[in-house]
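K.L.:
let's see this in three dimensions:
(chains A and B)
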Amino acid sequence: MLTFILKRLGLALLVAFTVSFISFSLLFLSGDPAAALAGETASGEDVEALRRLYGFDRPMLVQYGEWLFSALRGDFGESYYFKLPVASLIADRLQITMTLGVCGIVFALVTAVPLGVVAAIRPNSLIDRVALFLSVAGQAMPSFWFGLILIVVFAIQLGWLPPSGAASWKHFIMPTIVLGYYAMPAIMRLTRAGMLDVLNSDFIRTARAKGAGETRVLFKHALRNAIIPVVSLAAVQMGFMLGGSIVVESVFALHGAGYLAWESIARNDLPTVQALILVFSMFYIVFTFIADVLNAWLDPRMRSA
Amino acid sequence: MLGTTTRSTLLAATLMASVAMPVMADKASGTLNVAFTKELENVDSYFNSSREGVVLQRAVWDGLIYRDPETNEYVGNLATSWEWIDDTTLEFKLREGVTFHNGEAFSADDVVYTVNFVANEENGAKTQRNVNWMKSAEKIDDYTVRIHLKDKFPAAIEFLSGPVSMYPDEYYAEAGPSGMGLKPVGTGPYKVVEVVPGQHFVLEANESYHDSPKGQPELARIDIRTIPDVNTQMAELFSGTLDLIWQVPADQANKLAQMDQFTVANESTMRVGYLQMDAAGRSGESPFTNKLVRQAVNHAINRQELVDALLQGSSKVVYTPCFPSQFGCVQDVTEYEYDPEKSKALLAEAGYPDGFSIDFYAYRDRQYAEAIASYLNAVGIETNFNMLQYSALRELNMKGEVPVSFQTWGSYSINDASAMVSQFFKHGALDSTRDDEVLEWLDVADSSTDPDTRLEYYTKALKKITEEAYWAPMFTYNTNYVFKTEVSYTPTADEVLRFVDMSWN
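P.N.:
As a prediction, the model looks like this:
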């Protein structure tokens, strides 16, 4: 198990390094940061002055090396846009994104897994149909639309919840539902398919034959096996939620890391974008890693992988 | 990606239909809740270049001079009087008894420190043009100060009444631009009590505000949140948690105007939309080096239709490469009426009887750009439409690789033609025309201290620019302000929200 973990860790670090190098090269090619920095009202001379000031005229490898060296010491530089240290800027914004991501995935799991199990026990029943409908709707409905519908109903008409912002836990209810709902269908479909598969297998028949109770069969035997792919999927979804909650953050005016990334790209704020890409890729890597370890723990056969 | 018009219209309708709750007035709490759309980078006004920054600058700080937005007259603010000692030296008598929000007394030392700091290019003030005409400042006595200019610069008074505001010397020396951005200190009608960078700004009325021409603040507290999505802003407005939003798209504003709990005010802005053509031939073989082609483009566009159908509000058709209210922006110039037949004839005469195909660029207002492209298509100019980020287009433009593009310029709300025409026709990197005569005239106009001479030379330059059809100026922009009927406010034409001019009804 330890060798397995170490191997995975080494691989994860390599991926992180590669991602940072590729993103740096892409950003370098994507446009002149000096022009964006100077803003819409600046003259050509302003832009030239800024280019010299920030050293954008130097070769790319030199700039990347410099960035990497500082980043290894935890110094991500200063945001071109906010003139504040990138590390503290991101730390601030990540709190919101993490809260949202954790709430979102918990919401998705808590609703999707039971629905999937129930749908699998009674395939083609009314409850299976309802679950199918929910999942299709969840995949098809754009999250900005769903978010605004919730705002119209719960904030404006009923007045139960605040429309946007992040001032209290109440502000997170609607964004959680929107973000979680988007991840729900896939988790539910996978739980259902896994359960159906497992429930038809020999060892379940054996378990039933030796007289195990239905609850015990479902949860101890069936779900434990069916949940393995769900764990991997949930980990990827979690990574997606942390990096991809841009739309939800924008609709609910939550100034999280996803929205910061989106805006920073448009502002050519290279240090911020660079650091965010690293952080987001680390999330994917860490969650995939955790999923691998969890799977290995749930299913010893995977430890050799 | 976010905030497309079709989507907005659809949602606007849903939102309108859903208003059932009585709107809870914030009047009782004395707080005016306002939304910004864009994240402001730094409250320090020398280190941002956005409209939101100007709004805060006017609330938190004061300049030496104040321009009345109604009459355009200059009156003293932190200075009580001023005079030109010579062409490059201005002397100011300062107002006594003014204090900054942190208790520091205002005196000549503050002016000297502020001017010397921002005029030094190494300190990196973001919009250099706002400050780089100043060389230094010199203290004569505690309440007399001189500002030395690098060169003759008649628009100095306009700049001193606009982007140049005075900072406390001791505090700024210690805090610097990032400290000032987090805990701003000025002399203005509002003091800043909370800053969450880019997201949230809370202002409180400055109880001991001096006897300024800006007037005294009436609203006790201003709470500004950044809400990027216009639909969310409207939802907040409906649920009573916002009192004022601005820069509202025309279609939504029209619908909001029909509801009686909101006031919708439309005002023009200084932004001018125009087509820039590569008359100098910097992009290689450019058909636009031919004057007949440029005239054809000018005749191809139905400016009035663009204004009526798309921009609406108080937008107007313009033919000058500057905003009509700006000093020197004479309107007696060559005008090109909409005449597609004439346009085709001009193209044929220029040797393009079947038109030609060209790369057409834009960076904002896609709908407008597409409408303009279709006018060009109608006379035979095939456009390969490219929508770029502002910075990317700007870079291409500076390299001279753009044959024709839809551009806009807001002149930083400076009411002087030099803020626009002199930016683009003086052979800088963004000049696509390179006319020596125009350069020569603009040099005289920009540096003369005699208003009549300035007017004479701007007239010459503008007449030639329009006669040569170097650009196709099209329209001015406007913006919509929507606020609860409890709020009393009359917006001004310079697109600056002035909290000090607002009150409760």
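K.L.:
okay, domains of chain A per the record?
P.N.:
A:2-72, A:93-304 (automatic domain parsing).
K.L.:
check these for me and report the most buried one.
P.N.:
When you average the neighbours per residue for each of the domains of chain A (mean count of other CB atoms under 10 Å in any protein chain shown), domain A:93-304 leads with a mean of 19. Heads up, the C-betas are built off the backbone N, CA and C, glycines and all.
K.L.:
so what's the model's average confidence on that domain?
P.N.:
Rounded to a whole number, the mean pLDDT of domain A:93-304 is 84.
K.L.:
that domain near chain B at all?
P.N.:
Yes: using CB under 8 Å from any CB of the partner chain, we find that domain A:93-304 touches chain B at A:144-145, A:148-149, A:151-153, A:155-157, A:159, A:162-165, A:247, A:250-253, A:255, A:259, A:263, A:266, A:268.
K.L.:
among the residues you listed, which lie within helices?
P.N.:
Residues from the residues of domain A:93-304 next to chain B lying in helices, with DSSP state H as the criterion: A:144-145, A:148-149, A:247, A:250-251, A:259, A:263, A:266.
K.L.:
most widely separated two among those?
P.N.:
Comparing every pair within these by CB to CB identifies A:149 and A:266 as the most remote, at 27.0 Å.
K.L.:
so where's the longest helix in the chain?
P.N.:
Defaulting to chain A. Per DSSP H, chain A has its longest helix at helix A:86-121.
K.L.:
meant chain B, my bad for not saying
P.N.:
If you go by DSSP H, chain B has its longest helix at helix B:451-467.
K.L.:
show me where pLDDT drops low in the stretch 401-505 of chain B?
P.N.:
Filtered on pLDDT under 70, the stretch 401-505 of chain B yields no residues whatsoever.
K.L.:
quick one: the helices in it, in order.
P.N.:
With DSSP state H, counting those that start in this stretch as the criterion, the stretch 401-505 of chain B has helices at B:421-424, B:436-447, B:451-467.
K.L.:
need the three-state assignment for residue A:234.
P.N.:
helix (DSSP: H, G, I helix; E, B strand; the rest coil).
K.L.:
repeat for residue B:145
P.N.:
Classified using three-state DSSP, residue B:145 is strand.
K.L.:
from what I see, it and residue B:112 are in contact.
P.N.:
Yes: with contacts counted by CB atoms under 8 Å, residue B:145 reaches residue B:112, the gap being 6.3 Å.
K.L.:
so what sits against both of those two?
P.N.:
Common neighbours of residue B:145 and residue B:112, counting by CB atoms under 8 Å, 6 or more residues apart in numbering or on different chains, are B:137-139.
K.L.:
ok, longest strand in chain B?
P.N.:
Using DSSP state E to define each element, chain B has its longest strand at strand B:262-277.
K.L.:
on contacts alone, who are the packing partners of that strand?
P.N.:
helix B:250-257, helix B:291-300, strand B:404-409, strand B:471-484 (3 or more CB pairs under 8 Å, 6 or more residues apart in numbering or on different chains; DSSP states H and E).
K.L.:
if you set the cut-off to 6 Å instead, what comes out?
P.N.:
Strand B:262-277 sits against helix B:250-257, strand B:404-409, strand B:471-484, with contacts defined as 3 or more CB pairs under 6 Å, 6 or more residues apart in numbering or on different chains; DSSP states H and E.
K.L.:
residue B:75: which of these is closest?
P.N.:
Closest of the helices and strands packed on strand B:262-277 to residue B:75 is strand B:471-484, at 25.2 Å (criterion: CB to CB).
K.L.:
that closest one: how far from the chain's middle?
P.N.:
In terms of CA atoms, centre = their mean, to the nearest Å, the centre of strand B:471-484 is found 11 Å from the chain centre.
K.L.:
and it, what does it pack onto?
P.N.:
Using 3+ CB pairs under 6 Å, 6+ apart: strand B:471-484 touches strand B:244-246, strand B:262-277, helix B:303-306.
K.L.:
tilt between it and strand B:262-277?
P.N.:
170 degrees (axes from the mean of the first three to the mean of the last three CA atoms, to 10 degrees).
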